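Peer 1: Structure here, sequence nowhere to be found:
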């Protein structure tokens, strides 16, 4: 190793789900929305004056921040926007979790939390979910350097009740508590109303799932104006212009098409509930997901085998080779037809095994 | 101050140039390109299938990375892409400057360097430019934790010869040396060929200036594949999907329209040289800029006064209230007509003063 290499920050990065470029596959592995964003996006793209790209975007992202404040009934200075919720969360780890004390998050959760903690040299402790894969609020009451958890949790899809969420916040008013609500729109309760009561609470959401804009890279945080102001200082110390002009504009339009948004969510929730029934018939066990995915395990056939066989058939689901969850599959809710194809394929895999 | 606030990372952010929303102003304050990007962008925007926005972008940004490698005659694994060159540089500071030793950069330079050093708690030493505002290569030969400088330098526009650049690299093979070439396309020599000779050299460039894509947020780094691989690890530990689908595609198209690019540059260089002559006639002193701006000072009228009077007239230039340079204006090269208006305004300001 050369001398300059000795001082390089070496990290083990997060591995995102596969983004296969093949045509004709059924992609149920990265929790994308199966439906496109509001058709108003098309109009905007056709009518945008491309010449404005020569100018820097508004560094304050005002039009989108205003639209978010308006849509969620909060103040402008309670909103922070980043390059997807991953960017928002990275900024949060960098800004709020530097006390030197251990931050807390569940053992089974979004695996990026551990990567950020390592990147910023933040000590951490993983609190085990119980046997039912539920987060135990009391485990988060001791001294710590901050708390983060998703609600609904990923990859389980299980919702923690708002009462339990509030208990965690109430018992941790000396540190920043982040509730990562990437999937909340699919049927869970948001802790957003609590930001008026707890100035140390930050809610993080995204346009990538419920608003069908994964390709646009827009996430946001909502919280007390002090938290937001610290986040903005960090952003302006890292990169002044994070959100490009085009997507800033598209996100605003998508946000304002409430009707389309609700219809989209209804379809996905309906397909999810139907899929649950069908999976049950095939002998799958799973948690009662409130997200746009189902975390399922089969009584007889191993998850890895199912994952690989589905892949051969051109159906991608997510499999994590990790302790406690290595017999589960995370299946994103696709269009009805895609789920029918998935269930047909699962029937073949599971049925064949029964006969052996 | 609440207890949770005590452990917040508090930083003093970089202040970007104003982005006034007023119509009809002449904007020569943030070094944007006065001409739009390649008209091929318009075609793409009109023909994009907006439905693809529901999917995550390719995290490896392959199409753009391939196009850059092809355009610059290097290998794919020698290219890193980020959200503007600020994002690339922030990642570099985080990844390469953690030895604990002082990193070195000029006292008069891009002021974001100091902000990043503070954000990541990197010790630093500013090396004074000489009286002619030139970077003195020998000042960078001592022990240090890394080196960064722009070439041409900002806000002076002065180019450091390739020989001097190589001397700095040659004398610093144990640390990472970053040459920030945001403005290199406007007539300076790139150190890119040296990446084959020095594996610790990183070249950073951007689509924001010479390629008229400030609104798209695309920057890139070129260097030895090991450097690039470390940068990618850091990126994947921070945010897997940094570049959105639309701009990834637009940047590729812009990059490939070489003819438009060269014509655009020629016009700006021509206007710059003409502006220099005219400024001289009005009694301005300035350095021989190789960038798309001129850093000028008037023999009799103070820079701040000129800056404020121009602003009243609807002409925005950049003024830095900083030691050594507080009597200079950084004037971006606009369209010919804009520069004529600027010179007319300057003539009035400077002429009036002569009569007092």
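Peer 2: All right, it came through fine. Since the model is a prediction, treat every value here as computed from it, not as a measurement.
Peer 1: How much space separates the residue in the stretch 251-356 of chain A positioned nearest to chain B from residue A:64?
Peer 2: Nearest residue of the stretch 251-356 of chain A to chain B: residue A:254, at 8.8 Å (Cβ to the nearest Cβ). Where C-beta positions appear, they are placed from N, C-alpha and C, glycine not excepted. Distance of residue A:254 to residue A:64, given as Cβ to Cβ, to the nearest Å: 10 Å.
Peer 1: burial measure for residue A:109, as a count.
Peer 2: Counted with other Cβ atoms under 10 Å in any protein chain shown, residues neighbouring residue A:109 total 21.
Peer 1: Phi first, then psi, for it.
Peer 2: Per-residue torsions, residue A:109: phi -170, psi -170 (degrees, to the nearest 10).
Peer 1: cool, residue A:204 as well?
Peer 2: phi -120, psi 130.
Peer 1: Next up, the contacts around it.
Peer 2: By Cβ atoms under 8 Å, 6 or more residues apart in numbering or on different chains, the contact list for residue A:204 reads A:85, A:88-89, A:92, A:178-182, A:219-221.
Peer 1: sorry, back to before: would you check that my belief about the residue of the stretch 251-356 of chain A closest to chain B contacting residue A:40 is correct?
Peer 2: Yes. Between residue A:254 and residue A:40 there is a contact at 7.3 Å, judged by Cβ atoms under 8 Å.
Peer 1: which residue ranges form the strands in the stretch 51-200 of chain A?
Peer 2: If DSSP state E, counting those that start in this stretch is used as the criterion, the strands of the stretch 51-200 of chain A fall at A:79-82, A:103-106, A:124-127, A:147-150, A:177-180.
Peer 1: elements contacting the third one?
Peer 2: Spelled out, it's strand A:124-127. Counting contacts by 3 or more Cβ pairs under 8 Å, 6 or more residues apart in numbering or on different chains; DSSP states H and E, strand A:124-127 is packed against strand A:103-106, helix A:112-119.
Peer 1: ok, back up a step: looking at residue A:254 and residue A:40, which is more packed in?
Peer 2: Remark: of residue A:254 and residue A:40, residue A:254 carries more neighbours, 24 against 16, as counted by other Cβ under 10 Å.
Peer 1: Contacts for stretch A:205-212 next, please.
Peer 2: Outside stretch A:205-212, the residues that reach it (Cβ under 8 Å, 6+ apart) are A:31-33, A:35-38, A:84-85, A:181-186, A:213-214, A:216-222, A:251, A:254-255, A:261, A:264-265, A:292, B:53-54, B:56.
Peer 1: Kindly report the same for stretch A:102-115.
Peer 2: A:11-14, A:86, A:89, A:97, A:117, A:122-129, A:133, A:135, A:139-140, A:144-150, A:153-156, A:180, A:182, A:320, A:322, A:324-325, B:237.
Peer 1: give me that answer again for 6 Å
Peer 2: A:14, A:97, A:122-129, A:135, A:140, A:144-150, A:153-154, A:324-325, B:237 (Cβ atoms under 6 Å, 6 or more residues apart in numbering or on different chains).
Peer 1: pLDDT averaged over that stretch, what's the number?
Peer 2: In this model, stretch A:102-115 has a mean pLDDT of 97.
Peer 1: ok, and for that stretch, which residues are buried?
Peer 2: Along stretch A:102-115, these residues count as buried under the neighbour rule (16 or more other Cβ atoms under 10 Å in any protein chain shown): A:102-106, A:108-110, A:112-115.
Peer 1: again, but for stretch A:30-42
Peer 2: A:30-38, A:40-42.
Peer 1: can you name the two of those that are farthest apart?
Peer 2: Pairwise distances across the buried residues of stretch A:30-42 (Cβ to Cβ) peak at 24.5 Å, for the pair A:30 and A:40.
Peer 1: so where does the residue of the stretch 101-250 of chain A found nearest chain B fall, helix or strand?
Peer 2: Closest residue of the stretch 101-250 of chain A to chain B, Cβ to the nearest Cβ: residue A:236 (3.1 Å). If you go by DSSP states H and E, residue A:236 is part of helix A:225-238.
Peer 1: now do residue A:351
Peer 2: Using DSSP H and E, residue A:351 maps to helix A:336-355.
Peer 1: Would you mind stating the distance between the nearest residue to residue A:130 once chain neighbours are set aside and residue B:46?
Peer 2: Sequence neighbours aside, residue A:136 is the residue nearest to residue A:130 in space, at 5.5 Å (criterion: Cβ to Cβ, 6 or more residues apart in numbering or on different chains). Distance check for residue A:136 against residue B:46: by Cβ to Cβ, it reads 54 Å.
Peer 1: One more: residue A:117?
Peer 2: 45 Å.
Peer 1: Looking at the two, which is more packed in?
Peer 2: residue A:117 (21 against 12).
Peer 1: Report whether the expected contact of that one with residue A:124 is present.
Peer 2: Yes. Between residue A:117 and residue A:124 there is a contact at 4.3 Å, judged by Cβ atoms under 6 Å.
Peer 1: Report the angle between the helix or strand encompassing residue A:309 and helix A:336-355.
Peer 2: Using DSSP H and E, residue A:309 maps to helix A:303-312. Angle, helix A:303-312 to helix A:336-355, by axes from the mean of the first three to the mean of the last three Cα atoms, to 10 degrees: 130 degrees.
Peer 1: Next, see if stretch A:239-251 gets close to chain B.
Peer 2: Yes. Interface with chain B: stretch A:239-251 contributes A:239-241, A:244-247 (Cβ under 6 Å from any Cβ of the partner chain).
Peer 1: any low-confidence regions in chain A?
Peer 2: A:352-356 (pLDDT under 70).
Peer 1: okay, which residue is most central for it?
Peer 2: Nearest to the geometric centre of chain A sits residue A:182, at 3.7 Å (Cα atoms, centre = their mean).
Peer 1: what sits opposite the residue lying closest to that one once chain neighbours are set aside in the beta ladder?
Peer 2: Leaving aside its sequence neighbours, residue A:182 sits nearest to residue A:206 (Cβ to Cβ, 6+ apart; 5.1 Å). Taking DSSP bridges, one obtains residue A:219 as the residues bridged to residue A:206.
Peer 1: re the thing from before, so the residue of the stretch 251-356 of chain A closest to chain B, which state does it fall into?
Peer 2: Look at residue A:254: counting by DSSP: H, G, I helix; E, B strand; the rest coil, its state is helix.
Peer 1: OK, contacts around it?
Peer 2: A:37-38, A:211, A:213.
Peer 1: Select, from these, the two members most distant in space.
Peer 2: A:38 and A:213 (9.3 Å).
Peer 1: Next, the contact list for the nearest residue to residue A:74 once chain neighbours are set aside, please.
Peer 2: Distances taken as Cβ to Cβ, 6+ apart put residue A:222 closest to residue A:74, at 6.1 Å, once the chain neighbours are dropped. Counting by Cβ under 6 Å, 6+ apart, residue A:222 touches A:78-79, A:203.
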